[in-house]
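K.L.:
turn this into a model:
(2 chains)
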Amino acid sequence: MAMEYSEKVMDHFMNPRNVGEIEDADGVGEVGNAKCGDIMKMYLKIEDDIIKDVKFKTFGCGSAIATSSIATEMIKGKHIEEAAKLTNKAVVEALEGLPKVKVHCSVLAEQAIKAALSDYYKRNGIDPEPILGKIPPAESCHIHD
Amino acid sequence: MKKPFVYVDNSATTKVSDSCFNAMLPYFKEKFGNPSSIYSIAHDAKLAVETARKKAADAIGALPEEIFFTSCGTESDNWAIKSGARLAMKKGKNHIITTNFEHHAVLHACQSLEEAGFEVTYLPVDSEGMITPEQVEEAITDKTALVTIMYANNEIGTILPISEIGAICKKKNVLFHTDAVQAVGHVEIDVHEQNIDMLSLSGHKICAPKGVGLLYVKKGVRLPNLLDGGAQERGLRGGTENVAYIVGLGQALEDASKDIYDRNKRLEYFRNKLTDGVLSKVPKVRVNGSLKHRLAGSVNFSFEGVEGESILLLLDGYGICASSGSACTSGSLDPSHVLLAIGLPHEIAHGSLRISLCDENTEEEIDYIIETIPKVISRLREMSPIWNE
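P.N.:
Residues are numbered from 1 along each chain as shown, chains lettered A, B, ... in the order given. The predicted model follows:
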């Protein structure tokens, strides 16, 4: 076992689910930046407010890839309002824990989904802020708690 | 099929050699006496420590009385720099010169002296990871207490012009320390010839165990004590000697200083094969640090569009142990200060991979690494949002 990663993290890192892009996505969100070493990009296919398909692309460490992967699993098939409620805590729990210095990856995963939903709402003429709250800009690497 | 195990992280640490291990064994359960006692097993231990001191001295061209055993390279660096500064302070000097890509043992020791009122010049290395002797000469003032510059860099393996810097420090009458932790066993060192006043080295980089190192201090340099205590290490570093490990270090240094030329030829062949193989099979990759002035067994790549920790985890899955200067593996949020010092942008520095070879590596292993790296990189690039073919 490498590092202090749980088996679940390693599983999602070694066999990531839902990797790729959706050409005709209904919502796309990207968070993080290359300077910090983490970028997550989420693609959503939404029909009748249900997330029919989700794909991701991530540049980052093992936990960045694992959190993206499990987050896509957690929202696939869900109503968008439910997906919007996904928290980084839930992502960490689903992965059976993350090392403390890696918790920011789960925050990025939560934000990536919100960014994609925000894009979807905007495309449909809905102001996303009352629903999703403010998505902090990710220009800073220092988002540890 | 048994999973391969390919260890190519020898700049991080090495496996203890048989020769070193066997030399150490009698000092755990048979000749376990305290070297300061007088009965025969104690005398045996004392003799073993002094024999190791002689071997260590011979390996770097020093006198036995110039060798002080310590617990690690970091301890040696701290002792040399902080005590060297105290020594010079008595002469009214308060300036230290180092580089901006030293090991943290040196950088942080210098920073703590800054807090104590010292002025520190961090010479910037160039994009090849080199500094020139002229840079050092120009930085020396009449307030300069100490010059501390690494012999070879731990991440990118560049070898600095230590003999030339030594000559300048001698001419200017400034104390000169070098952290030679990565250089020992890979370059011929003669501390007297090279005008080195203090030199740090560590056992575990040269097939001795972790937990032992030494500081060479030139005769005549009256370095203040590191540990006040008994008469061990000429009273400068009290504490009962770590006899078995000191014996191991002596043996490892004797082994490492033998046949350096032949070993380097072999390692260079492997290193070049690996470098050429990776560069020809993987697009958008660069080698960090001078190709000319570098350790024979060391290479540092940067792959665009991927992150270092992910590379390491996937390589680990293939049984390959290597390291990276990415933030995720450095335990901080920034990528390695060494890669930033040579001018790499953050995003390129995050995608670095260091491979450091040793005597035990085989050509089959090199071929296996050349075959594996492209698979790992393209797999990560496929899922990277910043990678465009």
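K.L.:
hey, let's count contacts and neighbours off CA atoms from now on
P.N.:
Fine.
K.L.:
what stretches of chain B score poorly on pLDDT?
P.N.:
B:1, B:327-333, B:389 (pLDDT under 70).
K.L.:
ok, 80 please
P.N.:
B:1-2, B:325-334, B:389 (pLDDT under 80).
K.L.:
spell out which parts of it neighbour chain A.
P.N.:
Applying Cα under 8 Å from any Cα of the partner chain, one finds that chain B approaches chain A through B:305-310, B:313-314, B:316, B:326-328, B:331, B:333-334, B:345-347, B:350, B:380, B:383-386.
K.L.:
and the helix of greatest length in chain A, what does it pack onto?
P.N.:
Assignment by DSSP state H gives helix A:103-123 as the longest helix of chain A. Judged by 3 or more Cα pairs under 8 Å, 6 or more residues apart in numbering or on different chains; DSSP states H and E, the packing partners of helix A:103-123 are strand A:27-33, strand A:38-47, helix A:62-75, helix A:88-94, helix A:129-132.
K.L.:
if we use 6 Å, what do you get?
P.N.:
strand A:27-33, helix A:62-75, helix A:88-94 (3 or more Cα pairs under 6 Å, 6 or more residues apart in numbering or on different chains; DSSP states H and E).
K.L.:
for ChimeraX, write the select line for the buried members of the residues of chain B next to chain A.
P.N.:
Selection of buried members from the residues of chain B next to chain A for ChimeraX, criterion 16 or more other Cα atoms under 10 Å in any protein chain shown:
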select /B:305,306,307,308,309,310,313,314,316,326,327,328,333,334,346,347,350,380,383,384,385,386
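K.L.:
which of the residues of chain B next to chain A fall within helices?
P.N.:
B:Gly308, B:Glu309, B:Ser310, B:Leu313, B:Leu314, B:Asp316, B:Ala327, B:Cys328, B:His346, B:Glu347, B:Leu380.
K.L.:
tell me which two in those residues are the farthest apart.
P.N.:
Greatest spacing in these, by Cα to Cα: B:Asp316 and B:His346 (24.0 Å).
K.L.:
right, and the helices and strands packed on helix A:103-123 - which one's nearest chain B?
P.N.:
helix A:62-75 (5.0 Å; Cα to the nearest Cα).
K.L.:
and that closest one, what does it pack against?
P.N.:
helix A:7-14, helix A:103-123.
K.L.:
hang on, isn't B:Ile342 packed against B:Ser127?
P.N.:
Yes - the pair B:Ile342 / B:Ser127 is scored as a contact, 4.3 Å apart, by Cα atoms under 6 Å.
K.L.:
tell me what A:Val54 is bridged to.
P.N.:
Under DSSP bridges, the beta-bridge partners of A:Val54 are A:Leu44.
K.L.:
pull up the gap between it and A:Gly20, please.
P.N.:
To A:Gly20, A:Val54 is 9 Å away according to Cα to Cα, to the nearest Å.
K.L.:
next one: B:Thr99
P.N.:
Taken as Cα to Cα, the span from B:Thr99 to A:Gly20 is 44 Å.
K.L.:
also B:Tyr368?
P.N.:
29 Å.
K.L.:
neighbours around residue 20, how many?
P.N.:
Using chain A. Taking other Cα atoms under 10 Å in any protein chain shown as the criterion, the count of residues near A:Gly20 is 18.
K.L.:
that was the other one, I meant chain B.
P.N.:
24.
K.L.:
who's in contact with it?
P.N.:
B:Gly248, B:Gln251, B:Ala252 (Cα atoms under 6 Å, 6 or more residues apart in numbering or on different chains).
K.L.:
tell me the secondary structure at the closest residue to it other than its chain neighbours.
P.N.:
Spatial nearest neighbour of B:Cys20, chain neighbours left out: B:Gly248 (4.9 Å); criterion: Cα to Cα, 6 or more residues apart in numbering or on different chains. Per DSSP: H, G, I helix; E, B strand; the rest coil, the local secondary structure of B:Gly248 is helix.
K.L.:
returning to that earlier point: contacts for the longest helix of chain A, please.
P.N.:
Contacts of helix A:103-123 (Cα under 6 Å, 6+ apart): A:26-31, A:64, A:67-68, A:87-88, A:128, A:144.
K.L.:
got it, and stretch B:135-149?
P.N.:
By Cα under 6 Å, 6+ apart, the surrounding residues in contact with stretch B:135-149 are B:Ala88, B:Lys93, B:Asn94, B:His95, B:Ile96, B:Ile97, B:Thr98, B:Val174, B:Leu175, B:Phe176, B:His177, B:Thr178.
K.L.:
buried set for that stretch?
P.N.:
B:Val136, B:Ala139, B:Ile140, B:Lys143, B:Thr144, B:Ala145, B:Leu146, B:Val147, B:Thr148, B:Ile149.
K.L.:
and what of stretch B:373-389?
P.N.:
Buried residues in stretch B:373-389, defined by neighbour count with 16+ other Cα under 10 Å: B:Ile373, B:Pro374, B:Val376, B:Ile377, B:Ser378, B:Leu380, B:Arg381, B:Glu382, B:Met383, B:Ser384, B:Pro385, B:Ile386.
K.L.:
quick one: contacts of the helix or strand the fifth one falls within?
P.N.:
Read that as B:Ser378. When elements are defined using DSSP states H and E, B:Ser378 is found to belong to helix B:363-382. Helix B:363-382 is contacted from outside by B:Gly277, B:Val278, B:Val282, B:Trp387, using Cα under 6 Å, 6+ apart.
K.L.:
return the alpha-carbon coordinates of it using PDB.
P.N.:
C-alpha atoms of helix B:363-382 as PDB (Å, rounded to 0.1, in the frame of the first residue of the first chain):
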ATOM      1  CA  GLU B 363      20.300  -3.300 -17.600                       C
ATOM      2  CA  GLU B 364      17.000  -5.300 -17.500                       C
ATOM      3  CA  GLU B 365      15.700  -2.900 -14.800                       C
ATOM      4  CA  ILE B 366      16.700   0.100 -17.000                       C
ATOM      5  CA  ASP B 367      14.800  -1.500 -19.900                       C
ATOM      6  CA  TYR B 368      11.800  -2.100 -17.700                       C
ATOM      7  CA  ILE B 369      11.700   1.500 -16.600                       C
ATOM      8  CA  ILE B 370      12.000   2.800 -20.200                       C
ATOM      9  CA  GLU B 371       9.100   0.500 -21.100                       C
ATOM     10  CA  THR B 372       7.000   1.600 -18.100                       C
ATOM     11  CA  ILE B 373       7.400   5.300 -18.000                       C
ATOM     12  CA  PRO B 374       5.700   6.000 -21.400                       C
ATOM     13  CA  LYS B 375       2.700   3.900 -20.300                       C
ATOM     14  CA  VAL B 376       2.300   5.700 -17.000                       C
ATOM     15  CA  ILE B 377       2.700   9.200 -18.600                       C
ATOM     16  CA  SER B 378       0.200   8.600 -21.400                       C
ATOM     17  CA  ARG B 379      -2.300   7.100 -19.000                       C
ATOM     18  CA  LEU B 380      -2.200  10.200 -16.800                       C
ATOM     19  CA  ARG B 381      -2.200  12.500 -19.800                       C
ATOM     20  CA  GLU B 382      -5.300  10.900 -21.100                       C
END
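K.L.:
that helix vs helix B:308-317, what angle?
P.N.:
For helix B:363-382 against helix B:308-317, the angle between stretch directions is 130 degrees (axes from the mean of the first three to the mean of the last three Cα atoms, to 10 degrees).
K.L.:
what number of residues lie near A:Ile131?
P.N.:
Around A:Ile131 there are 15 residues (other Cα under 10 Å).
K.L.:
mind pulling up the pLDDT for it?
P.N.:
Per-residue pLDDT puts A:Ile131 at 87.
K.L.:
returning to that earlier point: ok, and the most crowded of the contacts of helix B:363-382?
P.N.:
B:Val278 (21 neighbours).
K.L.:
grab the nearest non-local neighbour of B:Ala152.
P.N.:
B:Ile159 (4.3 Å).
K.L.:
what does A:Thr72 give?
P.N.:
Nearest to A:Thr72 is A:Val54, by Cα to Cα, 6+ apart, at 6.1 Å.
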